[in-house]
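Engineer: fold the stuff below for me.
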Amino acid sequence: MPRLFHFAAPILVLAGLASCQSGPAATAMPRQVKSVGYGSVTVYPDYAVLTVDAAFTRPRLKDAVAEVQGVVDQVLALSKRYAPGPDDVRVSSTSSNKEFTYARGKEVFAGFNSTQSVTVRITDLKRLTPYLEELLATRISRIKDLSYGHTRADSLRREADVLALRDAAKTADKMCAALNVKRGAVLEASDSSSPESSSGGYGQSADIELYGKGFGGRGFKTTPELLHFNSSCSLVSALE
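Structural biologist: Numbers count the residues shown, from 1 in each chain. Below is the predicted model of the structure:
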């Protein structure tokens, strides 16, 4: 089971985030207290997703396609050992185009390029490094979009929302206690989080070009970072 770390830091700001209002009885709006609360849930990811590219340029199109297909078949056989789920391995259609280079200021036909991708989801992170090691032994061209997520991302995000709501209520209660008034019914509650305030269950993605892997290539970090699901809530309550 993933470890959950909950954070709910109360914030007391009378000038900006919270205010108490009152007015003449004839035209008065209901007396209100406004507060903002924050919640966060932090977990360790439980799966990784990556995409593997195979790309070759050859004088004849059928040779480029055949070479790509051979590598993709090898990647599929390997990937299904590490990602046995029915939806854990997905294959894109083959893309083929003419490829040109520039020589002496002129565009020169270099051959036909064929590309195909395989997207793999690894649900046992302990097997990710061995899988990558075996991938690097093949003739793939690129590993891209390596990212991490959690299968319970939606429920964890909702849990952060609840923590934010509770924090907003506690903040309002502290404000009322400081002003010697009593908080009444909740008039309005809204999620004031922006889409960027949560990681969405995914860590930063990473790419690695493998055209020069025989000479060292470029590596990337395969150790996942903690995922943060953050939320904020605005609360409006009546004053009794």
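Engineer: in its sheet, what does the helix or strand harbouring F229 sit against?
Structural biologist: Element membership for F229 (DSSP states H and E) is strand 227-239. Within its sheet, strand 227-239 is paired with strand 32-43 (antiparallel), strand 183-191 (antiparallel), according to DSSP bridges.
Engineer: which of those strands sits most buried?
Structural biologist: The highest mean neighbour count among the strands paired with strand 227-239, using mean count of other Cβ atoms under 10 Å, belongs to strand 32-43: a mean of 22. For the C-beta atoms, the positions are set from N, CA and C on the backbone; glycine is no exception.
Engineer: with just CA atoms, put that one into PDB.
Structural biologist: C-alpha atoms of strand 32-43 as PDB (Å, rounded to 0.1, in the frame of the first residue of the first chain):
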ATOM      1  CA  GLN A  32     -20.000  36.700   6.400                       C
ATOM      2  CA  VAL A  33     -16.600  35.300   7.000                       C
ATOM      3  CA  LYS A  34     -14.400  34.200   4.100                       C
ATOM      4  CA  SER A  35     -11.500  31.900   4.300                       C
ATOM      5  CA  VAL A  36      -9.200  29.800   2.200                       C
ATOM      6  CA  GLY A  37      -7.800  26.400   3.000                       C
ATOM      7  CA  TYR A  38      -5.100  24.200   1.500                       C
ATOM      8  CA  GLY A  39      -4.700  20.400   1.300                       C
ATOM      9  CA  SER A  40      -2.000  18.100  -0.100                       C
ATOM     10  CA  VAL A  41      -1.600  14.400  -0.400                       C
ATOM     11  CA  THR A  42       1.900  13.000  -1.300                       C
ATOM     12  CA  VAL A  43       2.400   9.500  -2.500                       C
END
